[in-house]
Structures are given as C-alpha cells and as structure tokens.
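Trainee: Generate a structure from the sequence data that follows.
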Amino acid sequence: MQDEDPFATIGSHEQFLARAARGVEVVEGEGARRGHDELYMRLALDQAHNAWALGEVPVGAVIVKDGQVIATGFNQPIGHADPTAHAEIQAIRAAAERLGNYRLNDCTLYVTLEPCAMCAGAILHARITRVVFGATDPKTGACGSVVDLFAVPRLNHHARVVGGVLAGECAAVLSRFFAERRRTKPRHTEHPARSDGAA
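Mentor: Okay, the predicted model is just below:
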C-alpha cells in the first residue's frame, strides 16, 4: 500500500500552512473579541452592583474606545429623580464629556440589560458603532425583544448589536435584586398615595 500525500488535493505544503495560519488568525480574532466582550461585560456588571448598592435596578454600562474604557454608568433614576438616568444614558453623557464631542464614533457600549427604546435612540444619536448587551428584556427591549430599532432601515445610523454576552450572570443579578426586593418590601392593601381608602 502506497502512502498518500495528504497535501496532494490542497496544493503545496506551504499553501496548506498558509491556509491553516489564516484559519487560526480568524479563530483567534473571534475568540479574542469574545474574550474582550466578556471582560468589558464584567466591568458593566460591577457598575450594576453600584446601582444595587443604592437601591436602584442593577443595570450597568461601560463605553470602550480603542481598547480603553472611557466611561461608565449605572442606573440612577430614583436617586437623581430623573427617568432618563439609565445606565446607558449615564455612560453616554460621561463619554461625550470626556471626548468633548456628542458623537461617539468608533465606540462600543457594553450594558448588562438589553437597551430600551429611549437608550437605543440615544445610542443611535451618539453614533455608537457597536452595542453589546447581556440579558434580554422581554418587556422593553429595543434590540429585538419587543422592537428592533437598530434594524429600522430608514434610520440614518445603525450600530452593530451583539446580545447574550454573560447573559446568565446579568440576568441572575436582576433576579436576585427583585427577589430581595419582594422579600423586604412591605405589602400594602391600600393605594400607596392615599391612606383614607379612596382610589
């Protein structure tokens, strides 16, 4: 039995090695990006814990440009008495101030929960290039769960969206927060704004 040349059908040994090397580079590139996404999502989770410590719904965000964290934010609508003080908005404001520009071109926003319509709008206006989120939001998610504002072709900017990065960990933080809140929140049988029983 003759030994078959394993390279006969794919060209020379050098061609095979060149193709294999290109394949490895692609795999390493995708793996490295996934690793970076997870690293930055862990930083966003740290921000979510900051929100929890203040009694806010634990959502955190981080904005990265050229491999550097340029801004962070976490939910603060209760503490700031501001319904727009979501984690993404806080991070976008901080990034714009740091860069001295309302356009956040070539930036990636990492957030632990799928952005709502308000935050998606701000992301589009800021021209953020890429959005990476953790847990989906079946009630208000604007990256595909309820609506997908990033896929509307008539809009003049479109960010690339990646969902599900550390989704289990991101969802678990929210679940634990709401479970704790249910345990410690007193049950009221009357309307919270009125104590005389009138609705």
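Trainee: right, and residue 83 touches residue 77 too?
Mentor: Yes - under the contact definition of CB atoms under 8 Å, residue 83 touches residue 77, with a separation of 5.4 Å. To be clear about C-beta, it is placed using only N, CA and C from the backbone, and glycine gets the same treatment.
Trainee: Who has more neighbours out of these two?
Mentor: Taking neighbours as other CB atoms under 10 Å, residue 83 and residue 77 compare with residue 77 leading, 17 against 10.
Trainee: nearest spatial neighbour of residue 77, skipping sequence neighbours?
Mentor: Leaving aside its sequence neighbours, residue 77 sits nearest to residue 85 (CB to CB, 6 or more residues apart in numbering; 4.5 Å).
Trainee: And what about residue 41, helix, strand or coil?
Mentor: Secondary structure state of residue 41, per DSSP: H, G, I helix; E, B strand; the rest coil, is helix.
Trainee: Quick check: next helix or strand after whatever helix or strand residue 123 lives in?
Mentor: Element membership for residue 123, per DSSP states H and E: helix 117-126. Heading C-terminal from helix 117-126, the first helix or strand you meet, by DSSP H and E, is strand 130-135.
Trainee: elements contacting that next one?
Mentor: Using 3 or more CB pairs under 8 Å, 6 or more residues apart in numbering; DSSP states H and E as the contact criterion, the secondary-structure elements in contact with strand 130-135 are helix 13-53, strand 107-113, strand 160-162, helix 167-184.
Trainee: quick one: strands adjacent to the second one?
Mentor: As defined by DSSP bridges, the strand partners of strand 107-113 come to strand 60-65 (antiparallel), strand 130-135 (parallel).
Trainee: Kindly list the single helix or strand of the chain that scores lowest on mean pLDDT.
Mentor: Comparing every helix and strand of the chain by mean pLDDT, DSSP states H and E singles out helix 13-53 as the least confident one, with a mean of 71.
Trainee: Is residue 115 in contact with residue 131, as I believe?
Mentor: Yes - under the contact definition of CB under 8 Å, residue 115 touches residue 131, with a separation of 6.8 Å.
Trainee: Looking at these two, which one has more neighbours?
Mentor: residue 115 (29 against 25).
Trainee: how much does the helix holding residue 123 deviate in direction from strand 107-113?
Mentor: With axes from the mean of the first three to the mean of the last three CA atoms, to 10 degrees as the criterion, the two stretches helix 117-126 and strand 107-113 enclose an angle of 170 degrees.
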